[in-house]
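J.: Below are the sequence and a predicted model for it; my questions follow.
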Amino acid sequence: MLAMEMEGVVMRRLVISNATKSRRLIQQEISRSEDARYDHRLHGILMVDQGMSCAEVAGWFGESVTTVERWVHRYNAAGLDGLREGEHPGRPSRLTEKQWAALEVDLRVSPRELGYNQNLWDGKLLAHHLAQTQQVELGVRQCQRIFRKLGFRLRKPRPVIAEGDPELQAAYKKTPPDAE
């Protein structure tokens with residue numbers, strides 16, 4: 001057992017159980033909160049101020065050396081404000097607020113009600129619909145992201161076997177027809 005002696009008192013060194021898992025959990029918790037990320041950067045700056053190299057701080061914090069160097073540069077340039085979260089605007093939306101509102105209304109009705117030949121919305125149909133109604137060209141994958149952003153979930157139609165015998169199909173169902 002490792003021990004430390006402090007002014008004549010012997011103290012046992014404490015050990016974190018399951019250190020690898022604990023480290024990952026703590027890093028995830030830091031990344032979840034804007035305040036925790038700010039505090040994390042503050043601690044990093046304090047360690048550099050106390051003489052540790054950016055590489056040493058990066059090793060302790062599980063960050064890259066470049067990240068710690070950026071913290072130091074931002075702190076030197078703007079003080080504490082340099083360590084706060086900045087805006088992450090991303091690419092501007094190709095849809096206006098008015099178009100978003102119209103799209104949400106359209107997605108709440110069946111595609112058949114809008115003159116399409118399918119019962120469910122998918123990325124391909126949404127891309128076509130936006131091109132026709134809003135004159136906005138988006139890819140299928142981007143349209144799938146729009147569904148998620150608006151809170152819709154993926155639903156797939158159940159396949160129907162061509163020329164299948166309904167009585168034989170009913171015999172293979174998990175739930176017998178009389179229990180439904």
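T.: Great, that's in hand. Residues are numbered from 1 along each chain as shown.
J.: Run through the strands of this protein in chain order.
T.: For the chain, the strands defined by DSSP state E occupy 3-6, 9-12.
J.: centre of the chain versus the last one, how much separation?
T.: By that I understand strand 9-12. Chain-centre distance of strand 9-12: 45 Å, with CA atoms, centre = their mean, to the nearest Å.
J.: next one: stretch 114-134
T.: The chain centroid and the centroid of stretch 114-134 are separated by 27 Å, computed with CA atoms, centre = their mean.
J.: Rounded mean pLDDT for that stretch, please.
T.: Stretch 114-134 carries an average pLDDT of 93.
J.: measure the residue nearest in space to the middle of the chain to H40 for me?
T.: The centroid of the chain falls nearest to R32 when counting by CA atoms, centre = their mean (10.4 Å). With distances taken as CB to CB, to the nearest Å, R32 is found 11 Å from H40. Where you see a C-beta, it was placed from the backbone N, CA and C, and this is true even at glycine.
J.: in this structure, what spans have low per-residue confidence?
T.: 1-8, 160-162, 176-180 (pLDDT under 70).
J.: which residue ranges form the helices in it?
T.: All helices of the chain, identified by DSSP state H, fall at 19-32, 34-49, 54-61, 65-78, 97-107, 123-133, 140-149, 166-172.
J.: so can I have CSV of the ones you listed showing distance to V10?
T.: CSV is the format used below for these (distance: least, CB to CB, whole Å):
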stretch, distance to V10
helix 19-32, 23
helix 34-49, 28
helix 54-61, 27
helix 65-78, 36
helix 97-107, 66
helix 123-133, 66
helix 140-149, 57
helix 166-172, 73
